[in-house]
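**Student:** predicted model follows, preceded by the sequence.
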Amino acid sequence: MAEFGSVEHIRSLSRRELENLFRYVFNSRNDLNTVITQQDAEITELRRRVANQSKQLKAVQTALERRNQGEMKARWRRALDRYRVLAKELFKLADRGLMELGDDDFRRVVDEAEKLGVTDG
């Protein structure tokens, strides 16, 4: 017996078998074209979704960066305000003299200086 699809095999088929084979190949090709068309549509839709998600992620990233910059600015502002308070307290110390400062006020100034990372060395 000849190998399937070989010239010998095709020649050995009757007209009816050839017509059935042709119909099978034709229908299979149409089915394949339908599948390819559906896959192309799905791929196009997936690419559209990916582009949309990418756009959304970029917007979220930008919003997060803006928010973080705002938080950093607020954090810097709080630290700067604490430095200003400490500076005022230190000027009071210089004006009044260390001996006139009460223990509670002195401890509060030292604690704030430690929180801010100010050291004596």
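**Tutor:** Done, it's in. Residues are numbered from 1 along each chain as shown.

**Student:** what are the boundaries of the helices in the protein?
**Tutor:** Counting by DSSP state H, one finds helices in the chain at the ranges 7-12, 15-96, 103-115.

**Student:** would you turn the ones you listed into a markdown table with mean neighbour count and mean pLDDT?
**Tutor:** Quick note: C-beta positions are derived from backbone N, CA and C, even for glycine. Shown next, in a markdown table, are the helices of the chain (neighbours: other CB atoms under 10 Å; pLDDT from 0 to 100):
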| stretch | mean neighbour count | mean pLDDT |
| --- | --- | --- |
| helix 7-12 | 11 | 88 |
| helix 15-96 | 11 | 87 |
| helix 103-115 | 12 | 78 |
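
**Student:** contact partners of stretch 72-79?
**Tutor:** By CB atoms under 8 Å, 6 or more residues apart in numbering, the list of residues contacting stretch 72-79 from outside reads Leu116.

**Student:** start the count at 30, not 1, going forward
**Tutor:** Yes, from this point I'll number from 30; that puts the last item at stretch 101-108.

**Student:** only alpha carbons, please: show that stretch as CSV.
**Tutor:** Extracted as CSV, the C-alpha positions of stretch 101-108 are listed here (Å, rounded to 0.1, in the frame of the first residue of the first chain):
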residue,chain,number,x,y,z
MET,A,101,8.2,63.9,51.3
LYS,A,102,7.6,67.6,51.1
ALA,A,103,5.3,67.4,54.1
ARG,A,104,7.9,65.3,56.0
TRP,A,105,10.6,67.8,55.2
ARG,A,106,8.3,70.6,56.3
ARG,A,107,7.6,68.9,59.7
ALA,A,108,11.4,68.3,60.2
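
**Student:** now do the phi/psi pair for Leu42.
**Tutor:** The phi and psi values for Leu42, taken as degrees, to the nearest 10, are phi -80, psi 150.

**Student:** how about it, what does it touch?
**Tutor:** Leu50.

**Student:** and for Thr66?
**Tutor:** If you count contacts by CB under 8 Å, 6+ apart, Thr66 has none.
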